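> Got a predicted model here, sequence first, then my questions.
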Amino acid sequence: MKMNLLTGKMDSGARGWLSQGQRNVSLAMFILLAACNIGTADSGSASTNSVAGISLEELINIQVTSVSKKETDLFTSPAAIAVVTQDDIRRLGITTIPDALRLVPGLDVAQINGHEWAVSSRGFNSQFANKLLVLVDGRSVYATGFGGVVWGVQDVVMEDLDRIEVIRGPGASLWGANAVNGVINIITKSAKETQGVLISSSVGTFDQPSTTFRYGGQLATNLYYRVYGKFANRDGTVESGGKDAPDNAQNYQGGFRMDWEPSDENKLTLQGDFYYDRFVESQDMPSLTPPYMQNINEVNDNSGGNVLGRWTRNFSDTASLTVQTYYDHLKQEQAGGAETADIFDFDAQDRFALGTRNDITWGLGFRNEDDQFRSSFFFSVNPPAASDKIYSSFVQDEITLLPERLKMTLGSKFEHNGETGFELEPGARLLWTPTEKQTVWASVSRAVRTPSRADLGADATPQVFPPVPPSPFPVQISALGNPNLESEDLMAYELGYRIELTKRSSLDVAGFYNDYNHLIVETDTATDLVLNPPTPHVLISTTQQNAESARTYGVEVSTHCDVTDNWHLTASYSWVDVHLGFASAFLDDSPSQQAQLRSSLDLPGNLELNGAIYFVDQFDALYGVGQMKIPSYVRLDLGVVWHPVKNLEIGVWGQNLAEDRHTEFTSYKTSLITEIPRSVMGRITWRF
């Protein structure tokens, strides 16, 4: 048997093909998609009324920057990309970034407790999913200490969020290491777009009283600013018997942003945030003396701050220069220990046209990371303090093969870090637009996931078992890092198709095949009798090794329908299958199928009726040193929003209405199983 105690993974057989029940769900979803399109085969023009939600015309013309590091239409972007808009978030009463990401087809979002989420794309989900790069206004929030993202501290003023761009699939040729299974780019509005006062206050059974204040003003000609402060209080989840779980959280956050446009060609941005986050979570704490394993309610304090500056110079429609730098400080407490990190990042990007067929973008980057770990019996890192310097560059050439019809994009990222050395991450994309209403794209690319500090030097003790006669010694399970690890690597192949079926309906299909090698897993080592420290015990340890391979494949389908000018539907379905190299190995805590249907409807009297229903398939998740099955569940959210006057919005939402509570994921830190309860929330937002 093989296990990965550092990342919370346990071995199991590879997943098989879809069961008959799963095929029935697939068939039902495709019937729904077809019916949605057939029912809207109207020759009238699509609505452009933004009050009535995002229409098809607005959707296909959304500008995105994550695919090519320049503005492109979503409809003609050669990648599996989706956008969560401000309107989506507002209508559904969404209060957290992870809950907003539930709207993305193929993205696996599971809430663990009142503070933590597991978020991944195309498989390999875990409490610290480590194959997904996340950016906030160009600043990476991927934590290289543990690997992955601490979602509980990622927050913005939701009303100031412009959009979230999500690439499903590798983005390493532009964004570098750890952009393996996807890139999430969270983009806020400029200070110019957020002028005046905003006060938003919400209260509910799960989201307790929370308040946001933001003020935007103008200091001089074309010089705008905003400042904000927010407090969020989130109640705990519930245990399986209905008792309140000890995992409530409070977050205090503030910040500023300034945008200056001294000329039509120049834009400068300066922004910063600080936060303090306090949350309680159940923790199984091991010891070498009775009772050996004790469950406690651990109080964790996270804090941090950042400042970012960016200058963009536009020389023409095809030539620009962008220079960005930021400093980020953070302290994160986990499992009785803590990580403190200081990060400095510099990036420069230049774009220019070479003749009439070549659009070239290239850039240079430097990143310095200093971190230090505070040890506990449960978790320590050797050495406790370290520094890493990362040098990078990239180049991309978008080549027009046939004007308005066929383009090829070639590029690569080049990186050097202090642990694994030189990394090469090339990619190629082909875009074919046979008509104005159809897009066909294909890509092949390589991406790497660099080992985290925990992978390289951790000493974790997740379990201590009492003596089993005739042995008089307790048994300590230990998981060790390995300083000689190499990067995990992926070769990915993708094919996609988008079509505007009618003036009121569209379809987006993406298929993928991923081939992973050198995946980091725990391998068995010898069992030793340890007489020092003073408590003699049996030590069973495992060590991280690049010993696993995997292949995954799947499909993601989404459709958007303007039923009328005031009623919009969005439906999606995704399926992923994971096959691992060893029959007994298990690295994936992800459902094979997910589906959703969303509706936004404008009613007379300035009323909106909005809803979303989600289906998540069952899957096996880590539980202690074994596994448990997370049952499939259906989540139903409904809400009514009223605009009594232009600047005032009142909303009431019911969330998780389909059942009183359900489990979405497990935590590697505790044996306590928590469930997400049914909840109600009301919010008032006033702008002036």
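Yes, it's here.

> Now residue 485. Nearest residue, chain neighbours left out?
When the adjacent residues along the chain are set aside, residue 485 lies closest to residue 451, with 4.3 Å between them (C-beta to C-beta, 6 or more residues apart in numbering). Just so you know, the C-beta spots here come from the backbone N, C-alpha and C atoms, and that holds for glycine as well.

> element containing that neighbour, please.
Assigned by DSSP states H and E, residue 451 falls within no helix or strand.

> Next, the nearest residue to residue 632 once chain neighbours are set aside: phi, psi?
Leaving aside its sequence neighbours, residue 632 sits nearest to residue 618 (C-beta to C-beta, 6+ apart; 4.3 Å). Geometry field for residue 618 lists phi and psi as phi -70, psi 160, criterion degrees, to the nearest 10.

> residues contacting residue 618?
Residues near residue 618 by C-beta atoms under 8 Å, 6 or more residues apart in numbering: 591, 629-632.

> which of those residues are buried?
Among the contacts of residue 618, those buried by neighbour count (16 or more other C-beta atoms under 10 Å) are 591, 630, 632.

> As CSV, those residues with pLDDT would be great.
Compiled in CSV, the buried ones among the contacts of residue 618 are given as follows (pLDDT from 0 to 100):
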residue, pLDDT
591, 94
630, 92
632, 95
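
> Just these: which are in strands?
The strands, defined by DSSP state E, take in residue 630 from the buried ones among the contacts of residue 618.

> Check the buried ones among the contacts of residue 618 against residue 460 and report the nearest one.
residue 630 (23.5 Å; C-beta to C-beta).

> Just give me the residue closest to the centre of this structure.
Centroid check for the chain by C-alpha atoms, centre = their mean gives residue 119 as the closest residue, at 5.1 Å.

> Excluding chain neighbours, what is closest to that one?
Once flanking residues are discounted, residue 119 sits nearest to residue 109: 5.2 Å by C-beta to C-beta, 6+ apart.

> Can you check my assumption that the one you found lies in a helix?
No: according to DSSP: H, G, I helix; E, B strand; the rest coil, residue 109 belongs to no helix; its state is strand.

> State the number of residues packed around it.
Per other C-beta atoms under 10 Å, the neighbour tally for residue 109 reads 24.

> what sits against it?
By C-beta under 8 Å, 6+ apart, the residues touching residue 109 are 98-99, 101-102, 117-119.

> do residue 649 as well
Residues near residue 649 by C-beta under 8 Å, 6+ apart: 90, 641-643, 683-686.

> what's the closest of the contacts of residue 109 to residue 72?
Nearest to residue 72, judged by C-beta to C-beta, of the contacts of residue 109 is residue 101 at 21.6 Å.

> Does the residue nearest to the centre of the chain belong to a helix, a strand or coil?
strand.

> Enumerate every residue touching it.
Applying C-beta under 8 Å, 6+ apart to residue 119 gives the contacts 98, 101, 107-110, 125, 129, 132, 149, 151.

> likewise residue 137?
By C-beta under 8 Å, 6+ apart, the neighbours of residue 137 are 186-188, 271, 308.

> Mind putting the residues you listed into a markdown table with pLDDT, neighbour count and secondary structure?
Output for those, formatted as a markdown table (pLDDT from 0 to 100; neighbours: other C-beta atoms under 10 Å; DSSP: H, G, I helix; E, B strand; the rest coil):
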| residue | pLDDT | neighbour count | secondary structure |
| --- | --- | --- | --- |
| 186 | 97 | 23 | strand |
| 187 | 97 | 19 | strand |
| 188 | 97 | 21 | strand |
| 271 | 98 | 23 | strand |
| 308 | 98 | 20 | strand |
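
> Flag the shaky bits of the stretch 1-150 of the chain, pLDDT-wise.
Applying pLDDT under 70 to the stretch 1-150 of the chain flags the ranges 1-53.

> Can you report how many residues lie near the closest residue in space to residue 193 that isn't next to it in sequence?
Nearest in space to residue 193, with sequence neighbours left out and distances taken as C-beta to C-beta, 6+ apart, is residue 162 at 7.7 Å. Other residues near residue 162 number 16, with proximity taken as other C-beta under 10 Å.

> who touches residue 162 in this structure?
Going by C-beta under 8 Å, 6+ apart, residue 162 touches 86, 187-189, 193.

> again, only this time at 6 Å
Shown in contact with residue 162 (C-beta atoms under 6 Å, 6 or more residues apart in numbering): 187-189.

> now the helix or strand hosting it and strand 107-111, what's the angle there?
Here residue 162 sits within strand 161-168, counting by DSSP H and E. Orientation note: strand 161-168 sits at an angle of 120 degrees relative to strand 107-111 (axes from the mean of the first three to the mean of the last three C-alpha atoms, to 10 degrees).

> mean confidence for the host helix or strand of residue 492?
According to DSSP H and E, residue 492 maps onto strand 488-502. In this model, strand 488-502 has a mean pLDDT of 96.

> List the neighbouring strands of that strand plus their orientation.
Strand 488-502 pairs in its sheet with strand 438-449 (antiparallel), strand 505-530 (antiparallel), by DSSP bridges.

> Now find how far off-centre the longest one is within its chain.
Pointing back at strand 505-530 there. Remark: strand 505-530 is offset 17 Å from the chain centroid, using C-alpha atoms, centre = their mean, to the nearest Å.
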